[in-house]
Structure formats: structure tokens, C-alpha cells
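> What follows is a predicted structure for the sequence shown.
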Amino acid sequence: DVKVTQSSRYLVKRTGEKVFLECVQDMDHENMFWYRQDPGLGLRLIYFSYDVKMKEKGDIPEGYSVSREKKERFSLILESASTNQTSMYLCASSPTTSGGSEQYFGPGTRLTVT
Amino acid sequence: AQKITQTQPGMFVQEKEAVTLDCTYDTSDQSYGLFWYKQPSSGEMIFLIYQGSYDEQNATEGRYSLNFQKARKSANLVISASQLGDSAMYFCAMREKGTGANNLFFGTGTRLTVIP
């Protein structure tokens, strides 16, 4: 059974803090993704990675960076958190780059920046 | 332009009835894939069903079926015999050929409420 875990379900941080969101998958997937989800906007892709140490910007990368030092772990970093980064953050992984391979999602981290 | 459009912010359905959730998409690719996900109040995204652009038959998975109309660029989700546990947010998503790493574009979602 595929499992994607995220380090926290709920997180409260102060403006200006550096924030790390961790994601781990246990199925040896090549591809990993970070999304943010906001009401009325659906899921928007922040960054993705198709291999260790490889990363690509998604639709809304501003204010975020990522790190993938090991295949199973993909970290999202908010260098200096701001209130407009209050959101639900979802991590996902996927085994292939084509066909009907769905993405497997973690439970999400609800981040509040005050 | 939005790649995925879900025009129904909210839908209500009586328990045991069928319901259709609308999804239209926009792509110039010939090869693409369409996905539906369910998100209960717990927050986790659950994969429901997949339709490939070259699949001639509509996809079905248990009580879920995908009404794929390629010429109209629509991929509506049909849930038959609704259950109370079907109350959730539902997202339509698309993967285009050539997008790296199996990227998905998501719609804004439809909140389905099943009424007892």
C-alpha cells in the first residue's frame, strides 16, 4: 500500500520564520510534488521533482524552495513565511511519467502564518 | 485559459440517487489523461478514476463512471447510488503528454453533499 506521509497535520508559524514541510513516500517513486490548496482555487503546483536533486518550478514557486536529497524525501521550504502563505499544503508522489499513473497524496499540512 | 473547469461549486443529491459532476478541459494535445479525485473532510486526496484520451470506452470503477465526450472536451463524473460517505470535495484533473514528471492540472472542485 502506497504511503505518503507529511511531517505535520497542523502548523502555526510567525511572519518571517523559516518553515520546513517534510514529505516522505515509501514506494520508490521517481516523481514528487508540492501543491497548495486554497478555497475556490483548487490545487496549484508549487514545485515538483522527477529525480534526486532535480527540481522544477510549478505554477506558483515564488516564496518557496524545495530540496530532494534522497529519493523518498521531498521538502518544501518557506524562506521567510508571510501571511499569504497560510494555506493547506499537499505533497504527492507518482511512479511514472506517462500513462494513467495517478498521483498519491499525503494527508496535508494546514499551515497558519500569523 | 483554465485547463480544467468545474462550474459547480456545490451540488446536493439525495441518498441512493445518481449525480453527475461536470468537468471540461482545454488542451491542444492529442494524448492526455483525465483523473477524478475525492477529498473528504479529513483532507486526503483519494484517486477515483482515470480516462485516457485514446480510450474508446468510458472508464468505470464500481459506482463511479466517467462520461467522456472527447469532441466536447468534457469528462463528467457520474456517481451512482449515492451514499452519505460520498459527501466530499471532488476534483477533476488532467495530465498532458509532454508535461514533465506526470504533472496534473486541477480544477477548483465541486463540493458534493448527500442528503439522507
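All right, it came through fine.
> how about the residues of chain B that lie near chain A?
By Cβ under 8 Å from any Cβ of the partner chain, the residues of chain B that approach chain A are B:4, B:6, B:9, B:33, B:35, B:37, B:42-47, B:50, B:52, B:91, B:93, B:97, B:100-104, B:106-109. C-beta: built from backbone N, CA, C; applies to glycine.
> from those residues, which would you call buried?
Among these, the ones that count as buried by 16 or more other Cβ atoms under 10 Å in any protein chain shown are B:4, B:6, B:33, B:35, B:37, B:43-45, B:47, B:50, B:91, B:93, B:101-104, B:106-109.
> What are the buried residues along whatever helix or strand A:Glu69 lives in?
Assigned by DSSP states H and E, A:Glu69 belongs to strand A:64-70. For strand A:64-70, a neighbour-count test (16+ other Cβ under 10 Å) marks A:64, A:66-68 as buried.
> Next: stretch B:76-94.
Quick answer for stretch B:76-94 (16+ other Cβ under 10 Å): B:76-79, B:82, B:86-94.
> Among those, which lie within strands?
Among those, the subset assigned to strands under DSSP state E consists of B:76-79, B:88-94.
> Any idea what the residue nearest to B:Glu61 when sequence neighbours are not counted is bridged to?
Computed as Cβ to Cβ, 6 or more residues apart in numbering or on different chains, the closest residue to B:Glu61 that is not its neighbour in sequence is B:Ile49, at 4.8 Å. Beta bridges link B:Ile49 to B:Trp36, judged by DSSP bridges.
> Tell me how many other residues surround B:Ile49.
22 (other Cβ atoms under 10 Å in any protein chain shown).
> Repeat that for the one 5 residues further on.
Using other Cβ under 10 Å, the number of residues around B:Tyr54 comes to 10.
> so where does it fall, helix or strand?
With DSSP H and E as criterion, B:Tyr54 is part of no helix or strand.
> Buried residues, the top strand by length along chain A. List them.
In chain A, assigned by DSSP E, the strand with the most residues is strand A:42-51. By neighbour count on 16+ other Cβ under 10 Å, the buried set for strand A:42-51 is A:42-50.
> Tell me the strands beside it, with direction?
Here, using DSSP bridges, strand A:42-51 pairs with strand A:31-38 (antiparallel), strand A:54-57 (antiparallel).
> Dump those into a markdown table; add mean neighbour count as well.
Output for those, formatted as a markdown table (neighbours: other Cβ atoms under 10 Å in any protein chain shown):
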| stretch | mean neighbour count |
| --- | --- |
| strand A:31-38 | 24 |
| strand A:54-57 | 15 |
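> of all the ones you listed, which lies closest to A:Phe105?
For A:Phe105, the closest of the strands paired with strand A:42-51 is strand A:31-38, at 8.5 Å, according to Cβ to Cβ.
> And the closest one, how far out from the chain middle?
In terms of Cα atoms, centre = their mean, to the nearest Å, the centre of strand A:31-38 is found 5 Å from the chain centre.
> got any ranges where the chain has weak pLDDT?
Using chain A. By pLDDT under 70, the low-scoring segments of chain A are A:1-2, A:96-100.
> Chain B was what I was after
For chain B, applying pLDDT under 70 flags the ranges B:1, B:98-102.
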